[in-house]
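>>> sharing a model prediction with you, sequence too.
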Amino acid sequence: MEGINSFGNKRSFEDFKKQIPSPVLPLFDSIREFCFSLGDKVVEDIRMHRVVFCKSMTFRWFVDVEPEKEGVIIKIQKSRKEPIEIIHIKKEQEISEFSKTIKDAYEKIH
């Protein structure tokens, strides 16, 4: 699945993957696949140091994923009125532990 790059940024996910530590790549890929599985309104925005998943072209983001040496940092936004939830996931953890939280954010964001 190929997402949409934002604001004229010509960087692709394939380019971005080069900066993800190889032990973390399977986790990052599983988070990305899960986000795309939430619906056809999911838009991927490749940024310099992270990937942001938005709902439709309004770019209301629900998940912000940043790779680290030992895992990823995920910021989850359910609405503009609720505080952003920050989760640190280690490379040996499974996305299934956090999938309900991410799905809730996708469903609630407008």
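Great, that's in hand.
>>> low pLDDT regions in this structure?
For the chain, the stretches flagged by pLDDT under 70 are 1-10, 57-59.
>>> if we go to 80?
1-10, 57-59, 110 (pLDDT under 80).
>>> which helix runs longest in it?
Across the chain, the longest stretch assigned as helix under DSSP state H is helix 25-37.
>>> output the contacting helices and strands for that one.
helix 13-17, strand 42-46, strand 60-67, strand 71-76, helix 99-108 (3 or more Cβ pairs under 8 Å, 6 or more residues apart in numbering; DSSP states H and E). Quick note: C-beta positions are derived from backbone N, CA and C, even for glycine.
>>> may I have the third one as PDB, with CA atoms only?
Which is strand 60-67. Written as PDB, here are the backbone C-alpha positions of strand 60-67 (Å, rounded to 0.1, in the frame of the first residue of the first chain):
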ATOM      1  CA  ARG A  60      -6.800  15.000  11.200                       C
ATOM      2  CA  TRP A  61      -4.000  12.800  12.500                       C
ATOM      3  CA  PHE A  62      -4.700   9.900  14.800                       C
ATOM      4  CA  VAL A  63      -1.300   8.200  15.100                       C
ATOM      5  CA  ASP A  64       2.200   9.600  14.900                       C
ATOM      6  CA  VAL A  65       4.900   6.900  14.700                       C
ATOM      7  CA  GLU A  66       8.600   7.600  15.300                       C
ATOM      8  CA  PRO A  67      11.300   4.900  15.200                       C
END
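>>> tell me the angle of it relative to strand 71-76?
Counting by axes from the mean of the first three to the mean of the last three Cα atoms, to 10 degrees, strand 60-67 lies at 170 degrees to strand 71-76.
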